[in-house]
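In: could you look at this predicted model? Sequence included:
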Amino acid sequence: MNRLAFSLSFGLIFILGYISYVLMSHGNHMEDLISENHHLDAEEIRILSSSPSPSEQYICYEYKFKDHFWGSSPTFYSIILNSEEEKDLEKGQIPMDLQFIAWNDQNEAILKSDETTEDESFPWPDNINGVAVIIQK
């Protein structure tokens with residue numbers, strides 16, 4: 001009986017290890033998907049909202065990648081030219097620790113920092129894709 005229990009335990013540990021390996025390797029697939037397809041025409045993109053600037057020269061997209069069995073993507077923001085030809089969201093991608101809030105009357109993007117650090121020396125951008133930004137903490 002001890003031999004049977006040992007065999008079952010060993011088999012169960014092997015199966016759990018294999019499942020963990022498969023799940024971990026699929027997690028890397030989500031990172032690959034996210035790093036390569038920041039484009040309005042990409043099938044994996046799901047636009048959550050779009051906000052044109054007051055002059056309508058620029059537009060900010062809030063987007064995610066479609067959920068897959070290996071997880072959900074974070075939310076991204078991108079400011080690009082508001083034209084039929086411009087579809088590359090990576091050009092105007094806002095850093096991950098900033099969130100688009102609104103446009104002001106001067107066509108500046110107002111962004112909110114979700115950083116809890118009080119370090120004033122952190123190099124926040126002063127513009128994104130040619131658009132001046134104001135960062136609120």
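Out: Perfect, I can see it now. Note that the coordinates shown come from a computational prediction; the quantities given were computed from them, not determined experimentally. Numbering: from 1, shown residues only.
In: how about the helices in this structure?
Out: Along the chain, the segments classed as helices by DSSP state H run 2-36.
In: what does stretch 58-66 contact?
Out: Stretch 58-66 is contacted by residues 30, 33-34, 37, 40, 43-53, 72-82, 89, 92, 100, 103, 107, 109, 129, 131 when judged by Cβ atoms under 8 Å, 6 or more residues apart in numbering. Yep, even glycine has a C-beta here, placed from its N, CA and C like the rest.
In: so for that stretch, mean pLDDT?
Out: Confidence for stretch 58-66, expressed as mean pLDDT, is 93.
In: again, but for stretch 102-110
Out: 96.
In: what's in contact with it?
Out: Applying Cβ under 8 Å, 6+ apart, the set of residues contacting stretch 102-110 is 51, 53-55, 57-58, 60, 79, 100-101, 128, 131-134, 136.
In: return the member of those residues nearest to residue 3.
Out: residue 100 (62.8 Å; Cβ to Cβ).
In: where's the nearest residue to that closest one once chain neighbours are set aside relative to residue 103, distance?
Out: For residue 100, ignoring the flanking residues on the chain, the nearest one in space by Cβ to Cβ, 6 or more residues apart in numbering is residue 77 at 4.3 Å. To residue 103, residue 77 is 13 Å away according to Cβ to Cβ, to the nearest Å.
In: cool, residue 60 as well?
Out: Using Cβ to Cβ, we find residue 60 at a distance of 8 Å from residue 103.
In: then residue 135?
Out: Note on residue 135: its distance to residue 103, by Cβ to Cβ, is 14 Å.
In: the two: which has the busier surroundings?
Out: A direct count of neighbours by other Cβ atoms under 10 Å for residue 135 and residue 103 places residue 103 higher, at 20 against 17.
In: any idea what the more buried one is bridged to?
Out: On the basis of DSSP bridges, residue 103 is bridged to residue 109.
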